[in-house]
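Student: Need a 3D model of the sequence below.
(one chain, ligands or ions: 1)
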Amino acid sequence: MQGRERVEESRCEEWRYGVGLFAYETENVAGYCVPESMSSEDPLFILYTSGSTGKPKEVVHTTALTVKYVFDVHPGDKFACMTDIGWITGHTYIIYGPLTLGTTTTVFESTPVYPSLARYWETVEKHGLTHFYSAPTAIRLLRRLGKSFVFIRGHHHLQPFTLSTLRVLGSVGEPINPEAWEWYNEYVGRKECSIVDTFWQTETGSIVLTPFPGAIETKPGAAQVPFFGQAPVLVEATTGKLVEGTGEGVLCTSNTYMKPYPGYFYTGDGAARDEDGDIWIKGRVDDVINVSGHRLSTAEIESALILHKGVAETAVIGTADDLTGQAVHAFVTMKPEFSYSSSDEASLVKELVIQVRKVIGPFAAPKKVYIVGDLPKTRSGKIMRRIMRKIVAGEGDQLGDLSTVAEPSVVDQIKQKVAESQ
Ligand code: WTA
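Tutor: Sure thing, here's the model as predicted:
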C-alpha cells in the first residue's frame, strides 16, 4: 500500500515538475528478481502464426536453448537482435532468450537507416556488442547502400567504426542470397565472425536448421544442420515419399500428426540436401515456378540476378503463360551508386536476362524484368511476392489485406510499372 501511495505522490510531482514517473517507479522495485524454475515444456507465450505461412494458427511456445548453443553465448557477452520486437524473432531474441540466460540484451528502436545510415554500426561500437542478429532484408539494404557504411578502423574504408567486438552474426526470416552472405561476412564480420543462417517458423517454436558457430564449416546461403531435438526431412512434393541422400523436396519435420504428409509437419518451404548432408532452404513452396516442366525456385533466380554488380534486391514470381505453363517475371531494385538513365533501361534488362541464362540456364530466363524503386515488404522485412503476383496477373484491384505492408506507396509504384510495360 505504502509503495502505491508513493507512486501516486510521485505522479503529482511528475505533473508539477515534469519529471519522468519511471525514475520513481524503479525505486520501488528490487534490483534483482529471484528466478522462477520452470520446466522447459511449461508454456512461455502464445502467438498467432505470421501471414507468411498462411491462415493464422494459435501456437503455444515453450523454452529452447537456442541462444546458448546457436549463438555460443558466454558470460559478459552483449547480445543484439535488431529485428522488430513485434515479430517472433524480436521478442524471443530480445527478451526471453538472452534474459533467461542472464545475458545483456539490446533493445534497438528505429530502422537500420534512421537517423543515420550508420545506425547499426554506431550501436555496435557504442555498446561493444558481441552478437548481431538481423534479417536478410536489412543486410541487403545496407549492402545496397555501399561498402562505405561498414568501416573497419585502420582499414582503407572511410569512416571509423570498430566492429571488432562482434563474434557471431545471425540471419533469419528469408533465404539469404550468397552475395548478401558474403557481404555480411566480409564487411560486418571482417571474415572473423561465425555466421549462423537460422531457419525456423513461428509454428516450429524453435530454430530447426542452423550452423553451430565454430563447430560447423559454413556455406553461404545454407541453413545446414538440425538443432537439438529437431528431425527435419525432405519429402517429395507430389508422392509424399522421403527423399534420402542428395535431392530436393519440401521441408517437413517428423513426429507429428499433421497433414498433408501424414507423420510429418509440413513447413511450406522447399529445400535441397547436398552431398555433405547440409540443407539449403529454397523459399516458400508457393514461390516455386514451373516453366515448361522445369521446377525453378524463385530464390535461385533471385540469387542469379543479384550477382549483377548494380542489383540491390530482387523478387521473382511466376505467372500463367499459355506456352510454358508459367513464366518468370522479375522485379529488381538497383543500388543507388549504380547510375543509369532511362534510355539504358532496355540494355540493363537484357544484361539481367543474360545473367540468369548464364547462371541457371535458358529455361530460367525472365520473360519480363521490371526495374523499380522498392519492393513491397512486411514490417518484418519479408518480400510480399503475392502482391506482385496479383498485379502481374491483372488482379491489382483484388490485393486483399494490405495491413502488413510496411510502405503502401510501393504497391502503387509497382502497379504503374507493370501497367507501363504492357
Ligand atoms: C522463412 C519466424 C530461409 C521460411 C523466424 C519460414 C527462412 C518463414 C529462414 C517463417 C531462413 C525463416 N532461411 N527462410 N534462415 N528463416 N524463413 O514464422 O519461409 O515469421 O517458413 O519466422 O520464414 O516465418 P515466421
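Student: can you tell me which residues contact the nearest residue to residue 173 once chain neighbours are set aside?
Tutor: Spatially, and ignoring its direct neighbours in sequence, residue 173 is nearest to residue 135 (4.0 Å; CB to CB, 6 or more residues apart in numbering). To be clear about C-beta, it is placed using only N, CA and C from the backbone, and glycine gets the same treatment. Applying CB atoms under 8 Å, 6 or more residues apart in numbering, we find residue 135 in contact with 83, 89, 171, 172, 173, 174, 380, 381.
Student: All the helices of the stretch 151-300 of the chain, residue numbers only.
Tutor: For the stretch 151-300 of the chain, the helices defined by DSSP state H, counting those that start in this stretch occupy 178-183, 298-305.
Student: most packed of these?
Tutor: helix 298-305 (a mean of 24; mean count of other CB atoms under 10 Å).
Student: Write out the residues of the protein neighbouring the ligand.
Tutor: Applying CB under 6 Å from any ligand atom, we find that the chain lies next to the ligand at 50, 52-53, 88-89, 172-175, 197-202, 223, 267-269, 281, 284.
Student: switch the cut-off to 8 Å
Tutor: Taking CB under 8 Å from any ligand atom as the criterion, the neighbours of the ligand within the chain are 49-50, 52-53, 87-89, 136, 171-176, 197-203, 209-210, 223, 267-269, 281, 283-284, 299, 380, 382.
Student: so what's the residue of the stretch 251-400 of the chain found nearest the ligand bridging to?
Tutor: Per CB to the nearest ligand atom, the residue of the stretch 251-400 of the chain with the smallest distance to the ligand is residue 281, at 3.8 Å. Counting by DSSP bridges, residue 281 is bridged to residue 271.
Student: Test my guess that it contacts residue 269.
Tutor: Yes - Residue 281 is within contact range of residue 269, at 5.6 Å (criterion: CB atoms under 8 Å).
Student: got any residues that touch both of those two?
Tutor: 199, 251.
Student: Quick one: mean pLDDT for stretch 186-194?
Tutor: For stretch 186-194, mean pLDDT is 92.
Student: Can you give me the distance of the residue of the stretch 251-400 of the chain closest to the ligand to residue 95?
Tutor: 26 Å (CB to CB, to the nearest Å).
Student: Can you report how many residues neighbour the residue of the stretch 101-250 of the chain at minimum distance from the ligand?
Tutor: In the stretch 101-250 of the chain, the residue that lies nearest the ligand is residue 202 (3.4 Å; CB to the nearest ligand atom). When neighbours are defined as other CB atoms under 10 Å, residue 202 has 19 of them.
Student: For it, which non-adjacent residue is spatially closest?
Tutor: residue 49 (4.4 Å).
Student: which ones are touching the one you found?
Tutor: Neighbours of residue 49 in contact, by CB under 8 Å, 6+ apart: 56, 57, 59, 201, 202, 203.
Student: is it possible to export those to TSV including distance to residue 119?
Tutor: Formatted as TSV, the contacts of residue 49 follow (distance: CB to CB, whole Å):
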residue	distance to residue 119
56	32
57	35
59	32
201	28
202	27
203	32
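Student: Could you work out the most separated pair of those?
Tutor: 56 and 201 (12.6 Å; CB to CB).
Student: Have a look at those two and say which one is more surrounded.
Tutor: residue 201 (21 against 12).
Student: Stretch 358-368: end-to-end distance?
Tutor: Taking CA to CA, to the nearest Å, the first and last residues of stretch 358-368 lie 17 Å apart.
Student: Show me the residue at the heart of this structure, geometrically.
Tutor: residue 173 (2.8 Å; CA atoms, centre = their mean).
Student: can you pull out the strands in the stretch 301-422 of the chain?
Tutor: Assigned by DSSP state E, counting those that start in this stretch, the strands in the stretch 301-422 of the chain fall at 311-321, 325-334, 368-371.
Student: Take the ones you listed and lay them out in TSV including distance to residue 293, mean pLDDT and mean neighbour count.
Tutor: Shown next, in TSV, are those (distance: least, CB to CB, whole Å; pLDDT from 0 to 100; neighbours: other CB atoms under 10 Å):
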stretch	distance to residue 293	mean pLDDT	mean neighbour count
strand 311-321	13	93	22
strand 325-334	7	94	22
strand 368-371	21	96	20
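Student: quick one on the thing from earlier: from residue 129, how far off is the residue nearest to residue 202?
Tutor: For residue 49, the distance to residue 129 - CB to CB - is 30 Å.
Student: quick one, strands of the stretch 151-300 of the chain?
Tutor: 168-172, 194-198, 209-210, 225-226, 232-235, 247-254, 264-273, 279-284, 288-291, 294-297.
Student: Okay, now the sheet partners of the fourth one, with direction.
Tutor: Strands flanking strand 225-226 in the sheet, each with its direction: strand 209-210 (antiparallel) (DSSP bridges).
Student: could you dump stretch 182-199 to CSV, C-alpha only?
Tutor: Taking Å, rounded to 0.1, in the frame of the first residue of the first chain, the C-alpha atoms of stretch 182-199 are listed here in CSV:
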residue,chain,number,x,y,z
GLU,A,182,29.5,-12.7,-48.4
TRP,A,183,29.0,-9.0,-47.8
TYR,A,184,27.9,-9.7,-44.2
ASN,A,185,30.9,-11.9,-43.7
GLU,A,186,33.4,-9.5,-45.2
TYR,A,187,32.2,-6.1,-44.2
VAL,A,188,30.5,-6.7,-40.9
GLY,A,189,32.2,-9.9,-39.8
ARG,A,190,35.7,-8.9,-41.1
LYS,A,191,35.9,-12.7,-42.1
GLU,A,192,36.4,-13.4,-38.4
CYS,A,193,32.8,-13.9,-37.2
SER,A,194,30.7,-17.1,-37.3
ILE,A,195,27.6,-16.6,-39.4
VAL,A,196,24.5,-18.5,-38.5
ASP,A,197,21.7,-18.7,-41.0
THR,A,198,18.9,-19.8,-38.7
PHE,A,199,15.8,-21.4,-40.3
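Student: And that stretch, what's buried?
Tutor: Buried residues in stretch 182-199, counting neighbours by 16 or more other CB atoms under 10 Å, are found at 182-185, 187-189, 193-199.
Student: quick one: low-confidence ranges for this structure?
Tutor: 1-24, 50-55, 146-160, 256-259 (pLDDT under 70).
Student: Tell me which other helices or strands the one helix or strand residue 60 maps to touches.
Tutor: Assigned by DSSP states H and E, residue 60 falls within strand 58-61. If you count contacts as 3 or more CB pairs under 8 Å, 6 or more residues apart in numbering; DSSP states H and E, strand 58-61 packs onto strand 45-48.
Student: The strand it packs on packs against which elements?
Tutor: So strand 45-48, by 3+ CB pairs under 8 Å, 6+ apart, packs with strand 58-61.
Student: Sweet, I'm off.
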